[in-house]
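Undergrad: here's a sequence, model it:
(chains A and B)
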Amino acid sequence: MPFLSLRDVTKAYAGVPALRGATLTVEPGEIHALMGENGAGKSTLIKIIAGVVAPDSATIEVDGRSAALDSPAAAHRLGLRFIHQEMNVVPALSVAENIFIGRRYPVRAGILVDWRKLEATAREALARLGITHIDVRRKMARLSIGDQMLVRLSTAFLSEPDAPARLYVMDEPTAALTAEESERLFRALRDIRAAGGSVLYVSHRLDEVMALCDRATVLRDGRSIDSGRLSEITHDDLVAMMIGRKVEEAYPKPASAPSPEMAFVVEGLRAAGIGPLGLAVRKGEILGIAGLANAGQRELLRALFGDLAMSATTIRLGSATYRPGGPHHAWRKGIAYVPRERRSEGLVLSRPIYENVTLAHLVDHSIGGTLLNPRGERRFAASLGDSVRLKARDTGQRALELSGGNQQKVVFARALSGNPRLLLLDEPTRGVDVGAKFDIYTIIREMTAKGMAVILVSSDLPELIGMCDRIAVMRSGSITETVEAHGLTEEALLNRCYGRPAPVAA
Amino acid sequence: MSAVPNLLRRYGTLLGFALVILVFWVNLPETFMTARNWLNITQQLSMLMVVAAGMTIVMVMGDFDLSVGSTASLAGIVVAVLFTAGYPVWAAVSLGLVVGLLVGAFNGVLVSLIGILPFVATLATLTIFSGLAFILSGGKTISGRAIPESFGSFAREGMPLGEWGGVAITLPNLTIVAIVTVLAVWVLLEQTTFGRRLYAIGGNIEAAHLSGVAVRRLKLIAFSLTGGSAALAGIMYASRVASANPTQGSGLMLNAIAAVFLGMTMSEHNEPRIFATIVGVLILGVLDNGLTQMSVDSYVRQLLVGGIILLAVAASSISRRRR
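TA: Okay, the predicted model is just below:
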């Protein structure tokens, strides 16, 4: 008998169907993957399980008995635990307090918080993940992003005798983790499975899913496909199920070689936490920036974009000297930026697509620089939307109604809106589904074919190797070396990121 | 979710407004639904409309200006003091408006360049501007011969609209000023790149900044305009009572913020919109007018108005909660 079973789940938002009769069953003692492109209905299904969103219709059973998931509290009572995608920590509180957020603190004498018990229980939750290096009394703000993520994950492992955990739902839990930290998490998940608990695992990282999970449910356009045992299918089968067609290549081939002409050169750059460093990109070239988390990649892009105070001995954009003067100046000079967090840094979610697309060069789409010309803006956004393969009802649709991949395409449309000479990309495909990823790669290729130079920061090593001409490796705020991407292996690149000497080729 | 609660959320406030009008109409069949009464309401409300329109500008960015009442008082006093010093009407009024723009810019500097929260910054300047008004006026009402006749008569006059039921009807000058201001703010917020950028800041300040929106400069300008509109309202009030008093604007701030919030309950994504704000102003004004005519005690009136604001905002928040 399955632990959790949802059948014929339907849900529409304002008439737009998100789920059309999806089915999901999770057995006890299994790690079950939930896969699908962005917009396929994954988040909606998870929100329904969490009791945050009410389905229009569904048959829900827990342990074979009909169950109501009508509130987060009800889901919690049934033993469901959630790690949602968005980071939510309170930086000013301690690690232990963060682990206990939303739970009742242990008390003594009826009203006083039992700090010792709180800390002990928190330590125990961390230990379930094999973590002993984090002091539970430290303030959350003092932890690295990876450690913060581990703390968040550990909240699911808090023991609660009155509502024992039965199913752990994890939405992209490894997005901000290093390989070692991820491995620790996988070990904990396997322990849960061995003890008869269940895991519902959501991830875009196929390798992870293939290695960790027993079965997968693939969602496509709000309908579900049961993959059967993952050990019996291939990576490509799974991708084909997700996008509904076969994929030949993960990365589109470059249309032309980079020109010998330099597009952007910087020497002796220093900014808070980075430098001194130098780099150069040619026209039509994609320069990758590799490195471990927080090696200064984000700061480098921000400094080049003029959003971070910096100094440099030389900066040349094309043949002219360039002086960073803030984002406004950068856009005008032909430098475009796709920030890492599309929801908090990229988009004005409450506003329509066309307003987001024209925002960086609004003056060019206005009458005399002052009066708005919404009709012209819509036309412009629609044509740029086509060229980035944006799927939307119309350009008046609010950005928040789009799936993650389409939101990212809106950010790209804006970046391309002024025909930039230099495109700065920070993790452009993070949290983007397979189909949209390929679209984004194609857009980048098309732009470089027209002579645009690209600096691509990414933690996805295959992406760097598949897309870039050269890759600069950053460590502790400096560029330690720059290598040709062609023929590079993931392992060799990772070793360079860690600063380990490349193993001698056999 | 079905369409009915959705409609209720968007139009609930308007529906409530219609209901309020109906109740007054039935209870006051002689006096309420007359052109004269409505023109009277718009004149009484003209100052609040101007301030609320200015308040909408900063609230679009998600900011507040608590100092508009003091700014209005200060501008009224400045104009009256200039009259006493013998300045002609056009010069005194212009300088009064300039003072409004300057104190607004001061708020803008505090908020955008120094980075103080608008709530705190304008709470402090509320007191400062009020203090300035008291110092300039010596704490007294400035009235009498110092105020030019043409300045006081401006508020009493208007544009004749013809006759209605044997009574001459005129559109009060103050109402005209309010309408022009509201239209100007509408053009600014809805038809210009400036307004578009303010809405972008209100929606996501970080994304706006990274998209090249000059956030600091725009905040500075927006706060200046809010200050300017508050000054205009203060000068209108001074004209209406042909005098200036250092506390005359004190009631404006809370009502202006209430009007914007009432208006926000009518907008789809809870954004301040200028015409919705004006409906908010009308709701407040009509309630006051009708209840006064029905001889409801002024303390009870306060209670009712506050309750109705809460009701509208609560209804809109509740219908938004679970989607």
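Undergrad: strands of chain B, start to end?
TA: B:158-164, B:167-172 (DSSP state E).
Undergrad: just the angle between the first one and strand B:167-172, please?
TA: What separates the directions of strand B:158-164 and strand B:167-172 is an angle of 150 degrees, with axes from the mean of the first three to the mean of the last three C-alpha atoms, to 10 degrees.
Undergrad: what's the closest non-adjacent residue to residue A:421?
TA: Using C-beta to C-beta, 6 or more residues apart in numbering or on different chains and skipping the chain neighbours, the partner closest in space to residue A:421 is residue A:334 (4.0 Å). From N, CA and C alone the C-beta is placed, and that goes for glycine too.
Undergrad: isn't that neighbour up against residue A:424?
TA: No: under the criterion of C-beta atoms under 8 Å, residue A:334 makes no contact with residue A:424, lying 11.5 Å away.
Undergrad: so the two - more neighbours on which side?
TA: residue A:424 (25 against 17; other C-beta atoms under 10 Å in any protein chain shown).
Undergrad: that one and residue A:383: what is the separation?
TA: Going from residue A:424 to residue A:383 by C-beta to C-beta, to the nearest Å gives 24 Å.
Undergrad: just residue A:106 next, same as before
TA: 60 Å.
Undergrad: look at these two and report which has more neighbours.
TA: Here residue A:106 and residue A:383 are compared on neighbour count by other C-beta under 10 Å; more neighbours surround residue A:106, at 15 against 11.
Undergrad: just the pLDDT for the more buried one.
TA: For residue A:106, the model assigns a pLDDT of 85.
Undergrad: now do the contacts for it.
TA: A:113, A:114, A:117, A:118, A:121 (C-beta atoms under 8 Å, 6 or more residues apart in numbering or on different chains).
Undergrad: quick check: closest non-adjacent residue to residue A:215.
TA: residue A:32 (5.4 Å).
Undergrad: now the one you found, what's its secondary structure?
TA: strand (DSSP: H, G, I helix; E, B strand; the rest coil).
Undergrad: same thing with residue A:81?
TA: strand.
Undergrad: any figure for the gap between residue B:102 and residue A:196?
TA: 72 Å.
Undergrad: low-confidence ranges, the chain, go.
TA: Since you didn't name a chain, this refers to chain A. A:14-15, A:38-39, A:85-87, A:245-249, A:500-506 (pLDDT under 70).
Undergrad: looking at chain B here, not the other one
TA: Ranges of chain B meeting pLDDT under 70: B:1-9, B:319-323.
Undergrad: in it, what residue lies closest to chain A?
TA: In chain B, the residue that lies nearest chain A is residue B:203 (3.7 Å; C-beta to the nearest C-beta).
Undergrad: is it fair to say residue A:136 lies in a strand?
TA: No: assessed with three-state DSSP, residue A:136 is coil; it does not lie in a strand.
Undergrad: near chain A, which residues of the stretch 201-323 of chain B show up?
TA: Contact residues (C-beta under 8 Å from any C-beta of the partner chain) of the stretch 201-323 of chain B with chain A: B:203-204, B:206-214, B:269, B:271, B:322-323.
Undergrad: among the residues you listed, name the ones in helices.
TA: Among those, the ones falling in helices (DSSP state H) are B:203, B:206, B:207, B:208, B:209, B:210.
Undergrad: from the residues you listed, which two are the most distant?
TA: B:203 and B:210 (13.1 Å; C-beta to C-beta).
Undergrad: now do the same contact list for the nearest residue to residue B:170 once chain neighbours are set aside.
TA: In this structure, residue B:170 finds its nearest non-sequential neighbour in residue B:158, 3.8 Å apart by C-beta to C-beta, 6+ apart. When contacts are counted by C-beta under 8 Å, 6+ apart, residue B:158 touches B:170, B:171, B:172, B:173, B:175, B:176.
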